[in-house]
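Q: Next input, structure requested:
(one chain, ligands or ions: 1)
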Amino acid sequence: MGTEAVGTLAYDAPAAKVDRRRLIEQLGDAVRGLVAATCAAEAPPEELERAIAGTRQLAEGLRGFARPLGTASSSEDPLLPHLYPAGHGAGNPVAPPVHVEATEEGVRSRITLGRQYEGPRGRTHGGISALLLDEVLAYASTSAGRGGFTAYLNTSYHQAVPIQVPLEIRARIDAEDGRKTTVKGFIALESDPEVPLVSATALFVIPRADYEGNQK
Ligand SMILES: CCCCCCCCCCCCCCCC(=O)SCCNC(=O)CCNC(=O)[C@H](O)C(C)(C)COP(=O)(O)OP(=O)(O)OC[C@H]1O[C@@H](n2cnc3c(N)ncnc32)[C@H](O)[C@@H]1OP(=O)(O)O
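A: This next block holds a predicted model:
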């Protein structure tokens, strides 16, 4: 058995699954690095051509093992985070590397965004800021035992969120009302954590048991 940390819980997952998940995370991290390098590269044409050929070959190799859409990954475990969600999946190279920890108030995430998340020069794309807030606010709801789907996410952009600068995202539950949870949070510089750059309020709704969106 191998041990993988889940928040403060140490869970003995089967060793083969832990090893497989580690490889999936490493591949996600490696490709995330490739994506960041791609967005920054002022490489000469021959280097770009070499990268195109090598990347196409790697993609072709992996495509042969694709699982059908809508089926579970063999890495899934009921007690461990999924590895492929677009917002936080460690194995998904498109997902920003979001790690969340509990605080006395709610939750906090520290993150430094790579070049692939740039919108206006040197600034994070606003949609990426919204993605991060959706994730971290959802964690606040989930870690309080509530969860739910995002019904709305209202964001206010006060100042630019810089790329390649350490950031801190904090979230806390504002109100609970039956199936509804309202959560507030903001993104700040780690060096100036009380000044919101982007703030958000989200409503998470736990669907009714008979909600048709639950059917696969
Ligand atoms: C092992 C440990 C690992 C831990 C690891 C944890 C990971 C944890 C992190 C996960 C991170 C994921 C973060 C991504 C989160 C998404 O991205 S979720 C995907 C995006 N969102 C969606 O797809 C949702 C789409 N919408 C829906 O499915 C449905 O509209 C909903 C939200 C489920 C609501 O459906 P419903 O329950 O049928 O809604 P309904 O009964 O009409 O309304 C319920 C109540 O909500 C209110 N409401 C509903 N919609 C709205 C709205 N838009 N505005 C205001 N009020 C509304 C209604 O007015 C009603 O209020 P009351 O009358 O009860 O007071």
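Q: tell me what the longest helix along the chain is packed against?
A: In the chain, assigned by DSSP state H, the helix with the most residues is helix 15-40. On a contact count with 3 or more CB pairs under 8 Å, 6 or more residues apart in numbering; DSSP states H and E, helix 15-40 meets strand 2-6. For glycine as for every other residue, the C-beta is placed from the backbone atoms N, C-alpha and C.
Q: Need the outlier residue of this protein, farthest from its centre.
A: Distance from the C-alpha centroid of the chain peaks at E46, with 34.1 Å (CA atoms, centre = their mean).
Q: Am I right that that one sits in a helix?
A: Yes - the assignment for E46 by DSSP: H, G, I helix; E, B strand; the rest coil puts it in a helix.
Q: is stretch 156-175 up against the ligand anywhere?
A: No - for a cut-off given as CB under 6 Å from any ligand atom, stretch 156-175 has no contacts with the ligand; the smallest distance is 10.9 Å.
Q: circling back to that earlier point, next, the buried residues of the longest helix of the chain.
A: The neighbour-count check on helix 15-40 (16 or more other CB atoms under 10 Å) flags K17, V18, R21, I24, E25, L27, G28, V31, R32, L34, V35, A36 as buried.
Q: Next, see if that helix gets close to the ligand.
A: No - taking CB under 6 Å from any ligand atom as the criterion, helix 15-40 and the ligand are apart, separated by no less than 12.5 Å.
Q: and E176, what does it touch?
A: The neighbourhood of E176, defined by CB atoms under 8 Å, 6 or more residues apart in numbering, consists of R146, T182.
Q: Adjacent strands (with direction) for the helix or strand harbouring it?
A: Per DSSP states H and E, E176 falls inside strand 167-177. Here strand 167-177 has these sheet partners by DSSP bridges: strand 107-111 (antiparallel), strand 180-189 (antiparallel).
Q: Next secondary structure after the longest one?
A: Where DSSP H and E defines the elements, the next helix or strand beyond strand 180-189 is strand 198-205.
Q: Enumerate every residue touching the residue lying closest to P193 once chain neighbours are set aside.
A: Excluding its sequence neighbours, the residue lying closest to P193 (CB to CB, 6 or more residues apart in numbering) is E168, at 4.9 Å. With contact set as CB under 8 Å, 6+ apart, E168 has these partners: R108, S109, R110, I187, A188, L189, E190, P193.
Q: quick one: contacts for the third one?
A: Translated: R110. H99, P166, L167, E168, I169, E190.
Q: Double-check the fifth one against V183; I have them as touching.
A: No - here I169 does not reach V183: they are 11.9 Å apart, not a contact under CB atoms under 8 Å.
Q: out of the two, which sits in the more crowded spot?
A: V183 (30 against 27; other CB atoms under 10 Å).
Q: got a list of what the closest residue to G185 other than its chain neighbours touches?
A: The shortest distance from G185 to any non-neighbouring residue, by CB to CB, 6+ apart, is to A171 (3.2 Å). Contacts for A171 (CB under 8 Å, 6+ apart) come out as G106, V107, R108, L133, V136, L137, Y139, A140, V183, K184, G185.
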